[in-house]
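Student: sequence first, predicted model second:
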Amino acid sequence: MISKRQSIRLSKFLSLVLRHKPEVIQIELDRNGWVDVSELIEKLNKNGKEIDFEILKYIVETNSKKRFAFNEDETKIRANQGHSLQIDLDYKPLKPPIKLYHGTCERFLDSILESGIEKRKRHHVHLSSDIETALAVGRRHGKPVVLEIQAEKMHRDGHKFYLSENKVWLTEYVPIEYVKRITSGGGKK
(Lines give C-alpha, C1' and ligand atoms only; values in the text may rest on other atoms or scores of the structure.)
Protein backbone atom coordinates (compact mmCIF):
# COMPACT_ATOMS: atom_id res chain seq x y z
CA MET A 1 0.00 0.00 0.00
CA ILE A 2 1.93 3.08 1.24
CA SER A 3 4.60 3.49 3.90
CA LYS A 4 3.78 4.67 7.41
CA ARG A 5 5.73 7.86 6.69
CA GLN A 6 3.69 8.56 3.54
CA SER A 7 0.48 7.84 5.43
CA ILE A 8 1.40 10.31 8.19
CA ARG A 9 2.31 13.00 5.64
CA LEU A 10 -0.96 12.53 3.74
CA SER A 11 -2.95 12.44 6.98
CA LYS A 12 -1.43 15.75 8.11
CA PHE A 13 -2.20 17.30 4.74
CA LEU A 14 -5.78 16.00 4.90
CA SER A 15 -6.10 17.58 8.35
CA LEU A 16 -4.97 20.88 6.88
CA VAL A 17 -7.48 20.89 4.02
CA LEU A 18 -10.43 19.26 5.84
CA ARG A 19 -10.07 21.22 9.09
CA HIS A 20 -8.47 24.55 8.27
CA LYS A 21 -7.64 25.48 4.66
CA PRO A 22 -9.64 23.72 1.94
CA GLU A 23 -8.66 26.52 -0.43
CA VAL A 24 -5.10 25.12 -0.53
CA ILE A 25 -6.36 22.54 -3.06
CA GLN A 26 -9.37 24.56 -4.26
CA ILE A 27 -12.13 22.53 -2.60
CA GLU A 28 -15.19 23.73 -0.70
CA LEU A 29 -16.60 21.96 2.32
CA ASP A 30 -20.36 21.95 2.78
CA ARG A 31 -21.87 23.45 5.93
CA ASN A 32 -21.30 20.16 7.80
CA GLY A 33 -17.68 19.83 6.68
CA TRP A 34 -18.24 17.18 3.99
CA VAL A 35 -16.59 17.11 0.56
CA ASP A 36 -17.09 14.63 -2.28
CA VAL A 37 -14.42 11.93 -2.15
CA SER A 38 -13.92 11.98 -5.94
CA GLU A 39 -13.39 15.76 -5.93
CA LEU A 40 -10.96 15.51 -2.99
CA ILE A 41 -8.90 12.81 -4.69
CA GLU A 42 -8.86 14.74 -7.98
CA LYS A 43 -7.74 17.98 -6.31
CA LEU A 44 -5.15 16.20 -4.15
CA ASN A 45 -3.61 14.63 -7.25
CA LYS A 46 -3.63 17.97 -9.11
CA ASN A 47 -1.68 19.37 -6.16
CA GLY A 48 1.06 16.74 -6.21
CA LYS A 49 -0.34 14.27 -3.68
CA GLU A 50 -0.50 10.80 -5.22
CA ILE A 51 -3.63 9.25 -3.82
CA ASP A 52 -6.53 7.04 -4.89
CA PHE A 53 -9.62 5.78 -3.07
CA GLU A 54 -7.83 2.75 -1.60
CA ILE A 55 -5.07 4.92 -0.13
CA LEU A 56 -7.61 7.41 1.23
CA LYS A 57 -9.62 4.58 2.80
CA TYR A 58 -6.44 3.15 4.31
CA ILE A 59 -5.59 6.54 5.88
CA VAL A 60 -9.10 6.92 7.32
CA GLU A 61 -9.10 3.37 8.74
CA THR A 62 -5.56 3.40 10.17
CA ASN A 63 -5.35 6.94 11.53
CA SER A 64 -4.63 6.41 15.22
CA LYS A 65 -6.64 9.47 16.21
CA LYS A 66 -9.58 8.59 13.93
CA ARG A 67 -9.56 12.15 12.60
CA PHE A 68 -11.61 11.46 9.46
CA ALA A 69 -14.89 9.78 8.59
CA PHE A 70 -16.72 8.75 5.46
CA ASN A 71 -20.47 9.06 5.11
CA GLU A 72 -22.40 5.76 4.94
CA ASP A 73 -21.83 5.09 1.23
CA GLU A 74 -18.23 6.41 1.30
CA THR A 75 -18.93 9.13 -1.28
CA LYS A 76 -18.12 11.98 1.13
CA ILE A 77 -15.44 12.57 3.75
CA ARG A 78 -14.85 15.06 6.56
CA ALA A 79 -12.70 15.68 9.61
CA ASN A 80 -14.38 14.58 12.84
CA GLN A 81 -13.46 17.68 14.86
CA GLY A 82 -10.76 20.30 15.34
CA HIS A 83 -11.92 22.70 12.65
CA SER A 84 -10.89 26.34 12.67
CA LEU A 85 -13.52 26.93 9.97
CA GLN A 86 -17.19 27.57 10.67
CA ILE A 87 -18.58 24.04 10.35
CA ASP A 88 -21.74 22.56 11.88
CA LEU A 89 -20.83 18.98 12.74
CA ASP A 90 -24.47 18.41 13.72
CA TYR A 91 -23.58 16.71 17.00
CA LYS A 92 -26.38 16.31 19.53
CA PRO A 93 -25.82 17.24 23.20
CA LEU A 94 -25.10 14.25 25.46
CA LYS A 95 -24.68 13.70 29.17
CA PRO A 96 -20.94 13.25 29.81
CA PRO A 97 -19.28 10.88 32.26
CA ILE A 98 -18.62 12.12 35.81
CA LYS A 99 -15.04 13.12 34.91
CA LEU A 100 -13.24 13.93 31.70
CA TYR A 101 -9.61 14.90 31.11
CA HIS A 102 -7.80 17.64 29.22
CA GLY A 103 -4.19 17.27 28.15
CA THR A 104 -2.02 20.36 27.93
CA CYS A 105 1.56 21.33 28.75
CA GLU A 106 3.12 23.27 31.59
CA ARG A 107 3.64 26.48 29.61
CA PHE A 108 -0.17 26.86 29.14
CA LEU A 109 -1.07 26.01 32.73
CA ASP A 110 -0.96 29.53 34.23
CA SER A 111 -3.31 30.85 31.55
CA ILE A 112 -5.73 27.95 32.09
CA LEU A 113 -5.67 28.34 35.87
CA GLU A 114 -6.45 32.03 35.43
CA SER A 115 -9.26 31.89 32.85
CA GLY A 116 -10.34 28.25 32.39
CA ILE A 117 -9.98 26.15 29.25
CA GLU A 118 -10.92 28.15 26.17
CA LYS A 119 -11.55 26.81 22.68
CA ARG A 120 -9.48 29.63 21.15
CA LYS A 121 -9.51 29.25 17.34
CA ARG A 122 -11.25 25.87 17.42
CA HIS A 123 -14.96 25.13 17.58
CA HIS A 124 -14.74 23.36 20.93
CA VAL A 125 -12.52 22.42 23.83
CA HIS A 126 -11.38 18.81 23.36
CA LEU A 127 -11.64 16.40 26.29
CA SER A 128 -10.89 12.71 26.64
CA SER A 129 -12.43 10.01 28.76
CA ASP A 130 -9.07 8.64 29.93
CA ILE A 131 -5.88 10.02 31.43
CA GLU A 132 -3.57 8.21 28.96
CA THR A 133 -5.08 10.00 25.94
CA ALA A 134 -4.87 13.35 27.73
CA LEU A 135 -1.20 12.67 28.54
CA ALA A 136 -0.47 11.90 24.90
CA VAL A 137 -2.13 15.17 23.84
CA GLY A 138 -0.11 17.11 26.42
CA ARG A 139 3.16 15.52 25.27
CA ARG A 140 2.63 16.90 21.76
CA HIS A 141 3.06 20.41 23.15
CA GLY A 142 5.80 20.01 25.79
CA LYS A 143 5.99 18.71 29.36
CA PRO A 144 2.50 17.21 29.81
CA VAL A 145 -0.07 18.20 32.40
CA VAL A 146 -3.41 16.45 32.76
CA LEU A 147 -6.41 18.35 34.05
CA GLU A 148 -9.43 16.57 35.50
CA ILE A 149 -12.74 18.11 34.49
CA GLN A 150 -15.83 17.77 36.65
CA ALA A 151 -17.94 17.09 33.56
CA GLU A 152 -21.10 15.81 35.24
CA LYS A 153 -21.24 18.88 37.49
CA MET A 154 -20.67 21.16 34.47
CA HIS A 155 -23.53 19.41 32.68
CA ARG A 156 -25.83 19.81 35.68
CA ASP A 157 -24.90 23.51 35.73
CA GLY A 158 -26.05 23.92 32.11
CA HIS A 159 -22.93 23.36 30.00
CA LYS A 160 -23.43 21.28 26.87
CA PHE A 161 -21.23 18.35 25.83
CA TYR A 162 -20.97 16.54 22.51
CA LEU A 163 -19.22 13.33 21.52
CA SER A 164 -17.44 13.32 18.16
CA GLU A 165 -17.39 10.29 15.89
CA ASN A 166 -13.88 9.48 17.09
CA LYS A 167 -14.92 9.61 20.76
CA VAL A 168 -13.49 13.02 21.66
CA TRP A 169 -15.72 14.92 24.08
CA LEU A 170 -16.38 18.52 23.06
CA THR A 171 -17.64 21.55 24.96
CA GLU A 172 -17.56 25.32 24.40
CA TYR A 173 -15.56 26.33 27.48
CA VAL A 174 -14.45 24.87 30.82
CA PRO A 175 -14.62 27.41 33.67
CA ILE A 176 -11.80 27.14 36.19
CA GLU A 177 -14.10 25.98 39.03
CA TYR A 178 -14.52 22.63 37.23
CA VAL A 179 -10.77 22.06 36.68
CA LYS A 180 -8.39 20.09 38.90
CA ARG A 181 -4.73 19.44 38.07
CA ILE A 182 -3.46 15.86 38.01
CA THR A 183 0.21 14.94 37.81
CA SER A 184 1.43 12.73 34.96
CA GLY A 185 1.61 9.84 37.44
CA GLY A 186 -2.11 10.09 38.11
CA GLY A 187 -1.85 11.57 41.63
CA LYS A 188 -3.81 14.72 42.40
CA LYS A 189 -2.13 18.05 43.09
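Tutor: Everything's here; your move. Residues are numbered from 1 along each chain as shown.

Student: only C-alpha atoms from now on, for both contacts and neighbour counts.
Tutor: Fine.

Student: which elements pack onto the helix or strand containing Ala69?
Tutor: Per DSSP states H and E, Ala69 falls inside strand 68-70. Applying 3 or more Cα pairs under 8 Å, 6 or more residues apart in numbering; DSSP states H and E, one finds that strand 68-70 makes contact with strand 76-79.

Student: show me what the strand it packs on is in contact with.
Tutor: If you take Cα atoms under 8 Å, 6 or more residues apart in numbering as the criterion, strand 76-79 is touched by 15, 18-19, 33-37, 67-71.

Student: His126 contacts Trp169, correct?
Tutor: Yes. Applying Cα atoms under 8 Å as the test, His126 and Trp169 come out as touching, 5.9 Å apart.

Student: re earlier: direction included, what does the strand holding Ala69 pair up with?
Tutor: strand 76-79 (antiparallel) (DSSP bridges).

Student: next secondary structure after the partner strand?
Tutor: strand 100-105.

Student: which residues sit against that next one?
Tutor: Here strand 100-105 makes contact (Cα under 8 Å, 6+ apart) with 126-131, 133-139, 141-151.

Student: how many neighbouring residues does Ile131 have?
Tutor: By other Cα atoms under 10 Å, 20 other residues sit near Ile131.

Student: what are the bridge partners for the nearest residue to it once chain neighbours are set aside, then?
Tutor: Excluding the flanking residues, the one nearest Ile131 by Cα to Cα, 6 or more residues apart in numbering is Tyr101, at 6.2 Å. Beta bridges link Tyr101 to Ser128, Glu148, judged by DSSP bridges.

Student: Tyr101 and Val174: what is the separation?
Tutor: Noted for Tyr101: a distance of 11 Å to Val174, by Cα to Cα, to the nearest Å.

Student: care to break this protein down by domain?
Tutor: 4-79, 100-182 (automatic domain parsing).

Student: of those domains, flag the one that's most buried.
Tutor: Highest mean neighbour count among the domains of the chain (mean count of other Cα atoms under 10 Å): domain 100-182, with a mean of 18.

Student: tell me which stretches of this protein form strands.
Tutor: 35-36, 68-70, 76-79, 100-105, 117-118, 125-127, 144-149, 162-163, 169-171, 173-174, 179-182 (DSSP state E).

Student: which outside residues touch the fifth one?
Tutor: With contact meaning Cα under 8 Å, 6+ apart, strand 117-118 is reached by Ile112, Val125, Glu172, Tyr173, Val174, Pro175, Ile176.

Student: among those residues, which two are most distant?
Tutor: Ile112 and Glu172 (14.4 Å; Cα to Cα).

Student: correct me, but Lys121 touches Ser84?
Tutor: Yes. Counting by Cα under 8 Å, Ser84 is a contact partner of Lys121 at 5.7 Å.

Student: where does this protein have low pLDDT?
Tutor: Counting by pLDDT under 70, the ranges of the chain that qualify are 183-189.

Student: select the longest helix from it.
Tutor: The residue-count maximum for a helix in the chain (DSSP state H) belongs to helix 4-15.
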